[in-house]
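Engineer: Sharing a sequence plus its predicted fold:
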Amino acid sequence: MATLADIAREAGVSKATVSLALNGKPGVAPETRRRVLEIAKRLNYQPNAFAKGLALQRTQTIGVIVPDISSPFYAELVRGVEEAASAHGYYLILCTTTGKPSREKMYFRLLGEQRVDGVIVLTPRGDEEPIRQIQAEGFPLVVVDRDIQVTDDVVEVVVDNFHGALAAVQHLIGLGYRRIAFINGIPELQASQDRRRGYQVALQENGIDLRPEWVVEGEFTDAGGYRAMKRLLATDPPPEAVFAASDAMALGAIRAIREQGLRVPQDVAIVGFDDVPLAAQVDPPLTTVRQPIGEMGRTACRLLVQLIQGEPVLQRKVVLHTQLVVRQSCGGGDVEGRNRR
């Protein structure tokens, strides 16, 4: 689908001139207007609702597209966005895709019709074409925790997943564990790939062989972590420690371990990733990699407000750091003295 940028490139004018010509605004020479309209017709240009809203009065609203508001991770993320939005005088319109990428495209259209001033995308996957189109139209957009391939211009806020995972597995190795399994999330996501890479590099740097049967997937859910841990416990020998790529999966894994009559950390050590509020409250408290979840949301919103107000955003990709939070789910001391299975 053609964009303002496509028309501007062919007409040899700026996107602003194209917008003025298409909307019948003054300040465009008749010959230029005629040329722009002809090119738009030939390219079958269809202005989307976001582009139309650019010339209208601001609504002081921000659209937020999120996959699952019931998830502790996304609840904390949205809370961070809301805090920053409120501080800047904006209100949120929240759209939940329930994990269905097809719903994301629908919400882009609906938010455009509502004439929001900008959009924050929290979904980790989906069709990138609407994002490319909106970016090409110059509409304010920020993406969180998602690696966009179709364009380099999208403003992104991500965390350093690789070094977070590396620190988690190195911690287990430092405690003496050698049989270390990995419960990954959704393999095609960049965050999952970076966390798996951190796991692999930690093993390689310490001369530990990677066993394929000890790398399983848990879909970033409690139920997925439970099923994944069941599979790991059925291997021979089973792992003595597990790095789960999310706290939700780690909690599901703990449930599976206890159903087998085993103990955490005496029989199986667990490390998670996220540091959701529940991580510090479970028994035993979960060692995990803390993502600055709230700060991710606040940073995304501050960057979006800059875009809305026409201020330059010099850093298009903001990478936030993680922190290993050591609690009681890994144990410590002499691993050789633990129960062996």
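Structural biologist: Received it, and whenever you're ready, just let me know what you need.

Engineer: Backbone dihedrals for Ile62, both of them.
Structural biologist: Here is the backbone geometry of Ile62 (degrees, to the nearest 10): phi -130, psi 130.

Engineer: What number of residues are in the vicinity of it?
Structural biologist: By other C-beta atoms under 10 Å, the residues close to Ile62 number 28. In short, each C-beta sits where N, CA and C put it, glycine included.

Engineer: same thing with Val157?
Structural biologist: Neighbours of Val157 (other C-beta under 10 Å): 25.

Engineer: name the helices or strands packed onto the host helix or strand of it?
Structural biologist: Using DSSP states H and E, Val157 sits within strand 155-159. Other elements packing on strand 155-159 under the criterion 3 or more C-beta pairs under 8 Å, 6 or more residues apart in numbering; DSSP states H and E are strand 141-144, helix 190-205, helix 293-308, strand 317-320.

Engineer: The same query, at a cut-off of 7 Å, please.
Structural biologist: strand 141-144, helix 293-308, strand 317-320 (3 or more C-beta pairs under 7 Å, 6 or more residues apart in numbering; DSSP states H and E).

Engineer: Now the terminal residues of stretch 201-220, how far apart.
Structural biologist: Taking C-alpha to C-alpha, to the nearest Å, stretch 201-220 runs 21 Å from one end to the other.

Engineer: likewise stretch 14-27?
Structural biologist: Using C-alpha to C-alpha, the end-to-end distance of stretch 14-27 comes to 13 Å.

Engineer: which residues are in contact with that stretch?
Structural biologist: Stretch 14-27 has contacts (C-beta atoms under 7 Å, 6 or more residues apart in numbering) with 4-5, 7-8, 11, 28, 32-33, 36-37, 40, 47, 55, 138.

Engineer: Val318: neighbour count?
Structural biologist: For Val318, the neighbour count with other C-beta under 10 Å is 18.

Engineer: before we move on, back to that, which of the helices and strands packed on strand 155-159 is buried the deepest?
Structural biologist: Here the criterion is mean neighbour count by mean count of other C-beta atoms under 10 Å, and of the helices and strands packed on strand 155-159 the winner is strand 141-144, at a mean of 26.

Engineer: That one packs against which elements?
Structural biologist: Here strand 141-144 touches strand 118-121, helix 129-136, strand 155-159, helix 293-308, going by 3+ C-beta pairs under 7 Å, 6+ apart.

Engineer: rerun at 10 Å
Structural biologist: Packed against strand 141-144 by the contact rule (3 or more C-beta pairs under 10 Å, 6 or more residues apart in numbering; DSSP states H and E) you find strand 61-66, helix 72-87, strand 118-121, helix 129-136, strand 155-159, helix 293-308, strand 317-320.

Engineer: All good on my end, thank you.
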